[in-house]
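Trainee: Following is a predicted model, sequence given first.
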Amino acid sequence: MTTLHNLGFPRIGARRELKQAVEAYWAGDLQQSELEHVGKSLRQRHWDLQAKAGIDLIPVGDFAWYDQILEFSCLLGVVPKRFGQQTDQPVSLDTLFRMARGRAPTGTPAAACEMTKWFDTNYHYIVPELAADQNFRIARESLFDQVEEAKAEGHTPKPVIPGPLTYLYLSKGDSFDGADDSGKLALLDTLIPVYRQILQRLAGQGVDWVQIDEPILVLDLPDNWQRAYLRVYDQLAAASHCKLLLATYFGGLENNLFTALELPVDGIHLDRMRGNDDLGQVVPRLGDKVLSLGHINGRNIWRTDLDAALEALVPLHNELGERLWLAPSCSLLHSPVDLDQEDTLDAELKSWLSFARQKLDELVLLGKALDGDTSANAGLQAQREALQARSNSARTHHPAVRKHLAEASEISRDRHSPFAERIAKQQAALKLPAFPTTTIGSFPQTKAIRAARRDWKAGRLDDTAYNEQMKREIADCIRYQEEVELDVLVHGEAERNDMVEYFGELLDGFAFTRFGWVQSYGSRCVKPPIIFGDVQRPAPMTVEWARYAQSLTDKPVKGMLTGPVTILQWSFVRDDQPRADTCRQIALALRDEVQDLEQAGIQVIQIDEPALREGLPLCQGEWKDYLDWAVDCFRLATVGVADDTQIHTHMCYSEFNDIIEAIAALDADVITIETSRSNMELLDAFRDFQYPNDIGPGVYDIHSPNEPEVNWMVQLMEKAAERLPKERLWVNPDCGLKTRKWEETRGALANMVTAAKQLREAR
């Protein structure tokens, strides 16, 4: 029988139980023992679910209180000195939380560790901070405890750990220089012995297989990193009594294929949804290794074409027999938990979809069919009928949208004047001081706001009452910003549930779930819309809210939109046409909204693109095509305004060096970025490129509840001024304030404005 395994399962719970428990613990409403009970219950529930579905090897170690890389940093004792960790003591749960967010129920607050995107997903990981003399040790027992938990429940655990080279590659440290990060490789001599201890302990627990994730093998690796693999895995294999399954995902191995095949591991997993490595080259070089293939898409929600998968798998099964394993393409962390919960999706659309739990069923069905089990026939037929129904549905195509898209090539992608001329006109119109202050857009979503939205959607609050309450929230937000003396205001987005979901609800071609949550970072979960058909804007989406907010103040109020690439990236996107076509449809809808905002008297319009870097393909050979159409979509949405209308954009938690030319090509008048956690290091890319437009480097970390000090923000801006001209610098937080509380926000923004005033006085 074909072995079926899973690379990881969503940890948040079908109803976001982990989020609720963690946040209650942070707030002091839950004891640590109660929190740990919730975590244990979720783990057992998810293991049971996978086992009952028919999965043979159950992943253990994919659970994390905040992030799996942070969990492993704590296991290895990689805790920066500012957190006061004793080198002979275990790393506590509260230390883990302080590393993630700067504060926990116990321990002294400290600056949180840097956070960035996990490859090209919307999931974020906490970046390990390494010292040149880093000491590694087993400093946390959670992985080994969870193995014992799984065994006690009668499961066959397959521990999941990040590979040593991936862990080092994704880390940072002040003492590491060079474009290839070669200094990190020197740490292998002290890191590998600890990995060997981990594998030996797992073997002592009776573990047969260990999944060791090395996703950097799908990147264009420097030669010295590629060469390090054989040396590292020779040492691991020599000390391990477990079998090692090398897991890669998010792409093909390409130039690293032969390196991976040479490693002394017992199996290798390949992503067949986003990778297309030549299996004709793989199979002859396997030796006696297991080949695990991922034909079930772990990153999208459409049903799998099982017939196409079987066509590819049957010849391999005939050749490899039991050495051919099946799994999803990657961890199901990126998929919602259970489609069966959804009671608001119409039956037709629901029949096209597959969430994490259903993907396990697809995997089991695929395995049975591959093994010749005739009980799979009915399931295969149902799958065919669902795919055919989707293909034939009139809901997916709109002739008017197709016509508009075809005509879009005739629309200019250029502003009327270059930036130097535009900014002079904008300054004359807006009359802003030096170091102008603003926020990124959202203000705290209070319990009252959420309750009103919940009552409105449930029909307990009519449209008029809901709109009046949102207007009161907007008025309060404007009043506070005037009191604190911000320069460019926002309306606070009280009426918005999510920066993508809100727009999707007002555009044709989108559908929504009730419980389709996925983890973005820590306790932050998002509910991506489903783009199933052609996209168009039936009516203005934000104009009346922006017009109302602007009527309350003489200061400029920004119109706030989410950009086309981000709406695309943060949705589950149809897979029956090129992503670029879907993105241009969204851009055309936003273009209409931008022009309507301008007509309504809004002088500053922000179109956020935090996902621009996230969408960059992992292999450089594919970058140009993506960046060409991504930049084209942003400009298509934004360039149809007058010179004195100021276009802003925002990006966060990304490395910009490799896409700085594309960022400049957006030609936004002002870009705001995250730089507080990175201590302004990200500005080096803008300095080296001589970025020509205005920029707002975030001066405080909104993901931490700690109140930023005035002197700290002044110092950060002074560092920024060493890199870029003062006259082009704005002062702002690093991201939106939606997840913060008002009591945290008031002091933070007041300090930020004070810092800006001090900077002006020092000019």
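Mentor: Structure's in. What do you need?

Trainee: Now do the helices in the stretch 251-400 of the chain.
Mentor: Applying DSSP state H, counting those that start in this stretch to the stretch 251-400 of the chain gives helices spanning 257-262, 279-282, 306-320, 347-350, 356-370, 377-392, 399-407.

Trainee: Adding mean pLDDT, write these out as CSV.
Mentor: Output for these, formatted as CSV (pLDDT from 0 to 100):
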stretch, mean pLDDT
helix 257-262, 96
helix 279-282, 96
helix 306-320, 97
helix 347-350, 96
helix 356-370, 98
helix 377-392, 96
helix 399-407, 94
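
Trainee: In three-state terms, label the nearest residue to Asp94 once chain neighbours are set aside for me.
Mentor: Nearest residue to Asp94, sequence neighbours excluded (C-beta to C-beta, 6 or more residues apart in numbering): Ala104, at 3.8 Å. C-beta: built from backbone N, CA, C; applies to glycine. Classification of Ala104 by DSSP: H, G, I helix; E, B strand; the rest coil places it in coil.

Trainee: any idea how far the residue lying farthest from the centre of the chain lies from Leu35?
Mentor: Ranked by distance from the centre of the chain (C-alpha atoms, centre = their mean), the top residue is Thr374, with 40.3 Å. Distance check for Thr374 against Leu35: by C-beta to C-beta, to the nearest Å, it reads 47 Å.

Trainee: One more: His334?
Mentor: The gap separating His334 from Leu35 is 24 Å, by C-beta to C-beta.

Trainee: between the two, who's got more neighbours?
Mentor: A direct count of neighbours by other C-beta atoms under 10 Å for His334 and Leu35 places His334 higher, at 25 against 19.

Trainee: Please, which helix or strand holds the residue sitting nearest the centre point of the chain?
Mentor: By C-alpha atoms, centre = their mean, the chain has its centre lying nearest to Asn122, at 1.6 Å. Asn122 belongs to no helix or strand when assigned by DSSP states H and E.

Trainee: Could you pull out the strands in the stretch 151-300 of the chain for me?
Mentor: Along the stretch 151-300 of the chain, counting by DSSP state E, counting those that start in this stretch, strands occupy 157-162, 209-213, 243-247, 267-271, 290-296.

Trainee: Any chance of JSON lines for these, columns mean pLDDT, distance to Phe63 and mean neighbour count?
Mentor: Shown next, in JSON lines, are those (pLDDT from 0 to 100; distance: least, C-beta to C-beta, whole Å; neighbours: other C-beta atoms under 10 Å):
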{"stretch": "strand 157-162", "mean pLDDT": "98", "distance to Phe63": "9", "mean neighbour count": "24"}
{"stretch": "strand 209-213", "mean pLDDT": "98", "distance to Phe63": "14", "mean neighbour count": "24"}
{"stretch": "strand 243-247", "mean pLDDT": "98", "distance to Phe63": "17", "mean neighbour count": "23"}
{"stretch": "strand 267-271", "mean pLDDT": "98", "distance to Phe63": "20", "mean neighbour count": "25"}
{"stretch": "strand 290-296", "mean pLDDT": "98", "distance to Phe63": "21", "mean neighbour count": "22"}
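
Trainee: So Lys359 sits against Cys330, correct?
Mentor: No: between Lys359 and Cys330 there is no contact under C-beta atoms under 8 Å: 10.9 Å.

Trainee: list residues touching both of these two?
Mentor: By C-beta atoms under 8 Å, 6 or more residues apart in numbering, Lys359 and Cys330 have these common neighbours: Gly298.

Trainee: Gln599 and Val639, how far apart?
Mentor: According to C-beta to C-beta, Gln599 stands 16 Å off from Val639.

Trainee: before we move on, what about Val314?
Mentor: The spacing between Val314 and Val639, counted by C-beta to C-beta, is 52 Å.

Trainee: Check Leu253 too.
Mentor: Distance of Leu253 to Val639, computed by C-beta to C-beta: 40 Å.

Trainee: Please say which of those two ends up with more neighbours.
Mentor: Neighbour count, other C-beta under 10 Å: between Leu253 and Val639, Leu253 has more, with 21 against 17.

Trainee: Can you give me the pLDDT of Asp177?
Mentor: Per-residue pLDDT puts Asp177 at 59.

Trainee: Quick check, Thr566 in contact with Leu590.
Mentor: No: Thr566 lies out of contact with Leu590 (C-beta under 8 Å); the separation is 10.6 Å.

Trainee: picking up where we left off before, determine which of the strands of the stretch 151-300 of the chain approaches Phe9 most closely.
Mentor: Phe9 sits nearest to strand 157-162 of all the strands of the stretch 151-300 of the chain, at 10.1 Å, using C-beta to C-beta.

Trainee: How confident was the prediction at Thr675?
Mentor: At Thr675, the model reports a pLDDT of 77.

Trainee: My error: substitute Pro705 in the last question.
Mentor: Per-residue pLDDT puts Pro705 at 82.

Trainee: Can you add distance to Lys40 and give the strands of the stretch 151-300 of the chain back as a markdown table?
Mentor: Formatted as a markdown table, the strands of the stretch 151-300 of the chain follow (distance: least, C-beta to C-beta, whole Å):
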| stretch | distance to Lys40 |
| --- | --- |
| strand 157-162 | 14 |
| strand 209-213 | 21 |
| strand 243-247 | 25 |
| strand 267-271 | 28 |
| strand 290-296 | 28 |
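
Trainee: As a check, name the ranges of all strands in the stretch 551-700 of the chain.
Mentor: With strands called from DSSP E, counting those that start in this stretch, the stretch 551-700 of the chain shows them at 558-562, 572-573, 604-608, 646-651, 670-673, 694-697.

Trainee: which residues of the stretch 651-763 of the chain fall in helices?
Mentor: Using DSSP H, counting those that start in this stretch, helices in the stretch 651-763 of the chain cover 660-666, 683-689, 710-723, 742-761.

Trainee: mind listing what's buried in stretch 255-267?
Mentor: Of all the residues in stretch 255-267, those buried under the rule 16 or more other C-beta atoms under 10 Å are 256-257, 259-261, 263, 265-267.

Trainee: residues in contact with that stretch?
Mentor: 209, 212, 214, 217-221, 226, 229-230, 233-234, 237, 243-246, 248, 253, 268, 277, 281-282, 285-286, 289-292, 325.

Trainee: And Val38, how far from Ala21?
Mentor: From Val38 over to Ala21 the distance is 4 Å, taken as C-beta to C-beta.

Trainee: higher neighbour count, these two?
Mentor: Ala21 (23 against 18).

Trainee: what comes up buried for the helix or strand containing that one?
Mentor: Assessed by DSSP H and E, Ala21 sits inside helix 17-26. Within helix 17-26, the residues scored as buried using 16+ other C-beta under 10 Å are 17-19, 21-26.

Trainee: quick one: buried residues of stretch 597-608?
Mentor: 597-598, 602-608.

Trainee: Output the residues you listed as JSON lines; include the columns pLDDT.
Mentor: Shown next, in JSON lines, are the buried residues of stretch 597-608 (pLDDT from 0 to 100):
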{"residue": "Leu597", "pLDDT": "98"}
{"residue": "Glu598", "pLDDT": "98"}
{"residue": "Ile602", "pLDDT": "98"}
{"residue": "Gln603", "pLDDT": "98"}
{"residue": "Val604", "pLDDT": "98"}
{"residue": "Ile605", "pLDDT": "98"}
{"residue": "Gln606", "pLDDT": "97"}
{"residue": "Ile607", "pLDDT": "97"}
{"residue": "Asp608", "pLDDT": "95"}
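
Trainee: before we move on, the earlier item: nearest to Gly367, of the strands of the stretch 151-300 of the chain?
Mentor: strand 290-296 (10.5 Å).

Trainee: from memory the residue nearest to the centre of the chain sits against Cys525, does it?
Mentor: No: with contact defined as C-beta under 8 Å, Asn122 does not reach Cys525; the gap is 11.0 Å.

Trainee: joint contacts of these two?
Mentor: Val518.
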